[in-house]
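Engineer: Please work out how this folds:
(one chain, ligands or ions: 2)
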Amino acid sequence: MIILGIETSCDETAAAVVKDGRHVLSSIIASQVDEHKLYGGVVPEIASRRHIESIAQITRQAFDQAGVDPGGIDAVAVTHAPGLIGALLAGLNFAKGLSYSAKKPLVPVNHLRGHIAALYLTHQNLEPPFVAFVVSGGHSHLVLVKGYTEFEVMGRAVDDAAGEALDKVARTLGLPYPGGPEISRLAEKGSPTYALPDPHAGGEFDVSFSGLKTAVINIVNSAKMKGEEINKENLAASFERRVVEILSVRLANAASKHNIPAALCGGVAMNTALRQRTHELCAEKGVALYYPHDSFCGDNAAMIGGAGYYEYLAGTTAPLNQNAFASSGLN
Ligand code: KG4
Ligand code: ZN
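Structural biologist: Ligands and ions are numbered 1, 2, ... in the order given. Predicted structure coming up:
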């Protein structure tokens with residue numbers, strides 16, 4: 001079964017053609033990051049406009065690269081939640097038009113389910129159950145993946161998501177957007193010499209990054225006021241170490257509790273320190289660890305085509321009045 005995936009929830013306009021939920025025939029991503037960088041973060045209005053301008057061309061490229069045309073696909077899968085509402089609507093409306101004109105079913109896909117399905121594109125033999133930490137710019141959800149379309153949220157960020165905290169701290173340190181990879185690069189050159197809080201929040205598997213973020217920002221601001229120099233490399237290393245510890249310990253413990261594999265996904269899953277530390281903890285507990293290839297960690301449409309396959313098999317299709325939703329969990 002061949003599915004066209006469309007993703008426009010944030011600042012990437014993406015289209016992809018995926019076979020049977022596992023094989024990527026094409027994956028085109030047009031990043032708007034250079035434009036948003038000028039403003040230090042994503043500007044929703046600009047994101048929506050750019051999606052509208054480029055989605056048709058990006059989709060054509062995805063069809064061409066895969067060697068199929070709209071008549072050759074079985075369904076159109078599109079991200080309908082969660083994300084920036086205007087950005088989501090740009091992709092959803094385009095997908096509706098294509099679905100109507102090509103007479104193919106429309107399959108609405110939750111973006112977080114998409115990040116989880118990215119794992120299947122890299123690991124052909126991976127099957128549920130496993131525990132996935134979806135760590136992206138907007139979400140930190142620890143999810144028990146019971147089946148391809150059956151999920152239970154074990155824990156989540158009670159305030160800022162991990163990526164959001166990384167991006168905000170990076171901004172305070174004068175680094176460009178997106179901050180995660182910048183913090184990572186800086187941290188590699190430093191040592192974790194700064195004492196930072198180890199916040200606990202809510203349930204056993206919930207996470208909180210707001211207090212940690214504020215602690216780092218306070219260190220930077222109070223040094224500025226006193227005219228003191230901070231060691232940015234060491235501060236980045238201290239902050240990254242804390243973020244990594246918070247995420248990796250919970251993931252390894254959750255997977256070990258259920259005696260099933262662990263997985264990292266979402267943009268933050270590209271972080272080398274996070275992968276390494278989670279590997280160590282999982283190895284100690286005898287738990288296998290999976291994460292997607294880098295090209296499927298950040299936002300992309302192949303993961304939406306992949307998730308769309310399983311949703312379609314489960315009988316999920318949408319009418320042409322399907323709405324988009326800015327915030328939702330995995331539903
Ligand atoms: O999944 P994603 O591409 O978009 C959302 O759905 O939000 O995640 C973006 C997040 C950003 O916060 C970015 O700073 C972070 O992923 N990120 C990283 C790395 N690469 C991207 N964080 C840490 N280390 C990285 N190497
Ligand atoms: Zn994402």
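Engineer: Stretch 76-84 and ligand 2 in contact?
Structural biologist: No - Stretch 76-84 stays clear of ligand 2 (CB under 5 Å from the ion), getting no nearer than 8.0 Å. In this view, the C-beta of every residue, glycine as well, is placed from N, C-alpha and C.
Engineer: What's the mean pLDDT across that stretch?
Structural biologist: What stretch 76-84 shows for mean pLDDT is 98.
Engineer: Does that stretch reach ligand 1?
Structural biologist: No - counting by CB under 6 Å from any ligand atom, ligand 1 has no neighbours in stretch 76-84; the shortest distance is 7.6 Å.
Engineer: now that stretch: how far from the chain's centre is it?
Structural biologist: The chain centroid and the centroid of stretch 76-84 are separated by 13 Å, computed with CA atoms, centre = their mean, to the nearest Å.
Engineer: do stretch 150-165 as well
Structural biologist: For stretch 150-165, the distance to the chain centre is 11 Å (CA atoms, centre = their mean).
Engineer: got the contact list for stretch 163-175?
Structural biologist: Identification of contacts with stretch 163-175 by CB atoms under 8 Å, 6 or more residues apart in numbering yields 40-41, 135-138, 140, 160, 176-180, 182-183, 186, 209-210, 212-213, 216-217, 220-221, 232, 235-236, 239, 243, 266-268.
Engineer: Let's see that with 7 Å instead.
Structural biologist: Contacting residues not belonging to stretch 163-175 are listed as 40-41, 135-138, 177-180, 182-183, 209, 212-213, 216-217, 220, 232, 236, 239, 243, 267-268 [CB atoms under 7 Å, 6 or more residues apart in numbering].
Engineer: could you check whether it is close to ligand 2?
Structural biologist: No - counting by CB under 5 Å from the ion, ligand 2 has no neighbours in stretch 163-175; the shortest distance is 8.6 Å.
Engineer: Buried residues, that stretch. List them.
Structural biologist: 163-173, 175 (16 or more other CB atoms under 10 Å).
Engineer: what residue lies at the spatial centre of the chain?
Structural biologist: residue 266 (2.8 Å; CA atoms, centre = their mean).
Engineer: which residues sit in contact with the closest residue in space to that one that isn't next to it in sequence?
Structural biologist: Distance criterion CB to CB, 6 or more residues apart in numbering; nearest residue to residue 266, sequence neighbours excluded, is residue 136 at 3.5 Å. Residue 136 sits next to 115, 161, 163, 266-268 when contact means CB under 7 Å, 6+ apart.
Engineer: filter those residues down to the ones near ligand 1?
Structural biologist: The subset of the contacts of residue 136 lying close to ligand 1, counting by CB under 6 Å from any ligand atom, consists of 163, 266-268.
Engineer: Okay, the residue in the stretch 201-331 of the chain that ligand 2 sits nearest to and residue 117: tell me how far apart.
Structural biologist: When scored by CB to the ion, the stretch 201-331 of the chain has residue 299 as its residue closest to ligand 2, at 4.4 Å. The gap separating residue 299 from residue 117 is 13 Å, by CB to CB, to the nearest Å.
Engineer: Give the residue from those two that has the larger number of neighbours.
Structural biologist: Applying other CB atoms under 10 Å to residue 299 and residue 117 shows that residue 117 carries more neighbours, namely 33 against 27.
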